[in-house]
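Here is my input; please provide its structure:
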Amino acid sequence: MDIVLQGAIYNNTLETAQYYLQLDFVDRVIISTWIDQSISFNNDDKIVIVKSNKPEISSGNMNYQIVSSREGLKYANPKDNIVAKMRSDQRIFHDSMKLMYTFFLDRSTSSKISIDNELGPTAPIYVLGIGSKFPFHPQDHVFVGRTEDVVELFNIPLMSGEIATKTNNTNFNIDLRQPIYLGAQHCSKFKPIIKHYLSNFREYLTDNAEKREEAMALSAQIRDIIFKAFPKIKMFWTKYNSDYWYSSYEAQGEYYGK
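Okay, here's the model as predicted:
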């Protein structure tokens, strides 16, 4: 399995890449960051560093995530047929990495997913949690899946125009929650009506949207087909000097695998 670590370079990002390589099922770690980031390391067979230009519109970091993930995934080995996309500011501990890897493999099949008798993705993409109170809301800290599915997840347009976050103090009655954008874009490839929801996001996808219940009903039908949640894991979140925010996210309706 290859791992893509995307985002800015933190003081333990390289050390985290080396930590993951201690696992016998991890082949390479691809660090996908920005041209203005400094990291002292020469590419070798195990660690690859990819630097890209930042998108002009950050949209609360969602566009940064899309671009750095997409660029890093270009270097993932498609023959491995499994890839993990993670953040550069987080470290998941070995026991939890092993749990996620075996949890995914134990549930993978060779059959494509069918959605309303139409072919869906190759397999579900596994995440740290799924939001039950928001439509099409996978938590965006970790994505583990078949390589083609994770590549396709980030093969989406950048947030722009009215849907792009306009302020730092986001009002989710007006602005779209960013994981909803990612999840809805991916789900729309299998249920085209969701493209209509995205084009009219203030009618369907914001927290007080007039037609939100329609989007929620469709989300409930398909979210556990396209995305699946891992059991609770242990990680260190460098950016906030904390572990994963289970208590906060759970209070917002996030749920986990068993």
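
Show me the helices in this structure, by range?
Ranges of helices in the chain, per DSSP state H, are 13-20, 62-73, 94-107, 147-153, 178-187, 193-199, 201-204, 212-226, 246-251.

would JSON lines of these with mean pLDDT, mean neighbour count and distance to residue 120 be doable?
For the C-beta atoms, the positions are set from N, CA and C on the backbone; glycine is no exception. JSON lines is the format used below for these (pLDDT from 0 to 100; neighbours: other Cβ atoms under 10 Å; distance: least, Cβ to Cβ, whole Å):
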{"stretch": "helix 13-20", "mean pLDDT": "96", "mean neighbour count": "19", "distance to residue 120": "30"}
{"stretch": "helix 62-73", "mean pLDDT": "97", "mean neighbour count": "23", "distance to residue 120": "20"}
{"stretch": "helix 94-107", "mean pLDDT": "96", "mean neighbour count": "15", "distance to residue 120": "15"}
{"stretch": "helix 147-153", "mean pLDDT": "95", "mean neighbour count": "20", "distance to residue 120": "10"}
{"stretch": "helix 178-187", "mean pLDDT": "96", "mean neighbour count": "24", "distance to residue 120": "10"}
{"stretch": "helix 193-199", "mean pLDDT": "97", "mean neighbour count": "17", "distance to residue 120": "13"}
{"stretch": "helix 201-204", "mean pLDDT": "97", "mean neighbour count": "18", "distance to residue 120": "21"}
{"stretch": "helix 212-226", "mean pLDDT": "96", "mean neighbour count": "17", "distance to residue 120": "7"}
{"stretch": "helix 246-251", "mean pLDDT": "95", "mean neighbour count": "12", "distance to residue 120": "26"}
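
Would you mind putting those helices into a markdown table with distance to residue 172 alongside?
Putting the helices of the chain into a markdown table (distance: least, Cβ to Cβ, whole Å) gives the following:
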| stretch | distance to residue 172 |
| --- | --- |
| helix 13-20 | 30 |
| helix 62-73 | 14 |
| helix 94-107 | 29 |
| helix 147-153 | 22 |
| helix 178-187 | 9 |
| helix 193-199 | 15 |
| helix 201-204 | 11 |
| helix 212-226 | 11 |
| helix 246-251 | 15 |
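
which one of those lies closest to residue 129?
When the helices of the chain are ranked by proximity to residue 129, the top entry is helix 246-251, at 5.8 Å, counting by Cβ to Cβ.

That closest one - contacts with which helices or strands?
Helices and strands in packing contact with helix 246-251 are not found; criterion 3 or more Cβ pairs under 8 Å, 6 or more residues apart in numbering; DSSP states H and E.
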